[in-house]
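# Next come a sequence and a model predicted from it.
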Amino acid sequence: MKVRRKLILSILGLGVSAITLTGTTFAWFRMSSQAYVSKLDYTVVSGKGFQIAVDGSNTAFYSDFLDTYHMEMAIVNGLDPDRYVFRDNNLYLQTINEETNEKIIDNNPLTQKELESIIEKGISLDLTTSLDGENINNRNDELIDPRSGKYVEFNLYFKTRSKKGGDQQHYKIYLTDDDTYTNEDSGQTFKMNPTKFKSEVQTIKLYNKVELWDLETNSKKTLKAGDTLDIDIANAIRLSIQDTGKIDVSDEAVDENNPKLSNLEVVDDVDGIKDEATIYELTNDLDLGSYATDYDGSDELLRQKYDYQYNPMYTYYKSLGASREFIPLKYSEISKLYEENKIINDLSKKITFTEVESGLTGRKVTFRIWLEGFDADYFTGVSYSLSNISCNLAFKYDKED
């Protein structure tokens, strides 16, 4: 099941407009298999309540707006944080002297052209799987890290505008599929793009049979060799968001002539326990199903989504004569993940992924994006010509007094 995708991540607009109790922010990510486009716009805009940074070490680096250059730095740093390091809100190449084992940092920061080249050459989505949103495994069930380039990982840092803990500002941030937000100052309501994944629908010709559950007839449907099937591979995309800890933020003046290696060390919270990642599974009307599991109940909708015997990815993979055994997941374990809100397919639940409070501290939040190999929409035969996969991310926050 070899499907590889060149990756482009462009945040075309991530902004917050606060209302009395709730604010909003939204982002656009584009992933494309076409030639890398260097002139995409990356903007990250926050609002009155909190600010965002890609280098969270100093209050001077937090802002309402992150441009293309800074977002590309976050992506490249996430690809290999030992090789690409932050110094005062710029990213530098770090190498190791083989004789002395000394770390050597280049004198000049990486240019935007260099960052784009690293992303183009280093990241290509491939079949992976994860049920905790943190540990990602490849097709051989081997644990891989971002340096493999088979999935995307990057960090953003969140903090309140206030540097004074006594201000008692507290914001809970969550992902939303709302399509409007209200400006606190004017009271006006504006449209925004809700959270969703999107790709170019492809019609593929089958080379063997496929079995799936047809919800229109509530019965098994078999497609034979030569038939066609519409595929929207965006339905196989998974996003995870994980608060990976509190950081201390410096308020010292920055000397532009003497940049310092940024200290982004995570400080343990009171309980010393790192938050678990939340996986987001967002689909549209062309969704062919979800995880291939051993579900054997009578519910037609659950059968269509989770019964491996009617999972197009699984049945096509087997009908093509795959030699490797494919063991479906246990439905009891998958359903528990939904019940515990560890996998989210309903954004109306407003699950908080990070909380920020006033003072000289921030939160490190890790984002991961991958193609889920157990999903019904990860399909053999999807061509390299897929023009783009995109996901619009919209965030809102609740303010607590």
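Received it, and whenever you're ready, just let me know what you need.
# among the helices and strands of the protein, which has the poorest mean pLDDT?
Here the helix or strand of the chain ranked lowest by mean pLDDT, DSSP states H and E is strand 22-31, holding a mean of 34.
# Neighbouring strands - and their directions - for the helix or strand where residue 367 lies?
Using DSSP states H and E, residue 367 sits within strand 361-372. Paired strands of strand 361-372, with direction, are strand 127-129 (parallel), strand 152-160 (antiparallel), strand 237-248 (antiparallel) (DSSP bridges).
# mind showing which ranges of the stretch 1-150 of the chain have poor pLDDT?
The stretch 1-150 of the chain contains residues with pLDDT under 70 at 1-48, 64-66, 68.
# Tell me where it has helices.
Ranges of helices in the stretch 1-150 of the chain, per DSSP state H, counting those that start in this stretch, are 68-79, 112-122.
# Just name the most buried of the ones you listed.
Greatest average neighbour count among the helices of the stretch 1-150 of the chain goes to helix 68-79 (a mean of 23), per mean count of other Cβ atoms under 10 Å. Yep, even glycine has a C-beta here, placed from its N, CA and C like the rest.
# returning to what we had before: which of the helices of the stretch 1-150 of the chain sits closest to residue 345?
Proximity to residue 345 (Cβ to Cβ) singles out helix 68-79 among the helices of the stretch 1-150 of the chain, at 25.3 Å.
# Buried residues in the strand holding residue 367, which are they?
By 16 or more other Cβ atoms under 10 Å, the buried positions in strand 361-372 come out as 361-372.
# could these go into a markdown table alongside pLDDT and distance to residue 331?
A markdown table is the format used below for the buried residues of strand 361-372 (pLDDT from 0 to 100; distance: Cβ to Cβ, whole Å):
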| residue | pLDDT | distance to residue 331 |
| --- | --- | --- |
| 361 | 92 | 41 |
| 362 | 93 | 39 |
| 363 | 93 | 34 |
| 364 | 94 | 34 |
| 365 | 93 | 31 |
| 366 | 95 | 28 |
| 367 | 92 | 28 |
| 368 | 94 | 24 |
| 369 | 88 | 25 |
| 370 | 89 | 22 |
| 371 | 88 | 22 |
| 372 | 92 | 16 |
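# about what we covered before: quick one, which of the strands paired with strand 361-372 is packed in tightest?
Counting by mean count of other Cβ under 10 Å, strand 152-160 has the highest mean neighbour count of those, with a mean of 23.
# Which helix or strand contains residue 259?
Applying DSSP H and E, one finds residue 259 in no helix or strand.
# That one touches residue 85, doesn't it?
No - look at residue 259 against residue 85 with Cβ atoms under 8 Å: they stay out of range, at 11.0 Å.
# circling back to that earlier point, just put the helices of the stretch 1-150 of the chain in JSON lines and tack on distance to residue 189.
Output for the helices of the stretch 1-150 of the chain, formatted as JSON lines (distance: least, Cβ to Cβ, whole Å):
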{"stretch": "helix 68-79", "distance to residue 189": "28"}
{"stretch": "helix 112-122", "distance to residue 189": "36"}
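# rewinding a little: let me know which of the strands paired with strand 361-372 is the nearest to residue 141.
strand 127-129 (8.2 Å).
# Next, the residues that contact that closest one from outside, please.
Contact with strand 127-129 is made by 1-3, 136-139, 144, 150-151, 370-374, 378, as judged by Cβ atoms under 8 Å, 6 or more residues apart in numbering.
# just to revisit the earlier point, which one of residue 259 and residue 85 is surrounded by more residues?
Per other Cβ atoms under 10 Å, whichever of residue 259 and residue 85 has more neighbours is residue 85, with 20 against 16.
# contacting residues for the more buried one?
By Cβ under 8 Å, 6+ apart, the neighbours of residue 85 are 77, 91-92, 94, 105, 261-262.
# Quick check: bridge partners of it?
Beta bridges link residue 85 to residue 92, judged by DSSP bridges.
# Could you measure from it over to residue 103?
9 Å (Cβ to Cβ, to the nearest Å).
# any shared contact partners between these two?
With Cβ under 8 Å, 6+ apart as the test, residue 85 and residue 103 both reach residue 94.
# about what we covered before: restricted to buried residues, select the contacts of strand 127-129 in PyMOL.
Only the buried entries of those go into this PyMOL selection, using 16+ other Cβ under 10 Å:
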select buried, resi 1+3+136+137+138+144+150+151+370+371+372+373+374+378
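# Quickly check the contacts of strand 127-129 for the two that are furthest apart.
Farthest pair in the contacts of strand 127-129 (Cβ to Cβ) is 2 and 136. Separation: 17.5 Å.
# low pLDDT regions in the stretch 151-300 of the chain?
In the stretch 151-300 of the chain (pLDDT under 70), the answer is 183-185, 193, 268-274.
# And the strands in it?
Secondary structure of the stretch 151-300 of the chain (DSSP state E, counting those that start in this stretch): strands at 152-160, 170-175, 180-182, 189-191, 196-199, 202-205, 210-214, 219-223, 228-231, 237-248, 266-267, 278-280.
# a markdown table please, covering those and showing distance to residue 334.
Shown next, in a markdown table, are these (distance: least, Cβ to Cβ, whole Å):
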| stretch | distance to residue 334 |
| --- | --- |
| strand 152-160 | 23 |
| strand 170-175 | 20 |
| strand 180-182 | 33 |
| strand 189-191 | 35 |
| strand 196-199 | 19 |
| strand 202-205 | 27 |
| strand 210-214 | 17 |
| strand 219-223 | 21 |
| strand 228-231 | 22 |
| strand 237-248 | 13 |
| strand 266-267 | 30 |
| strand 278-280 | 11 |
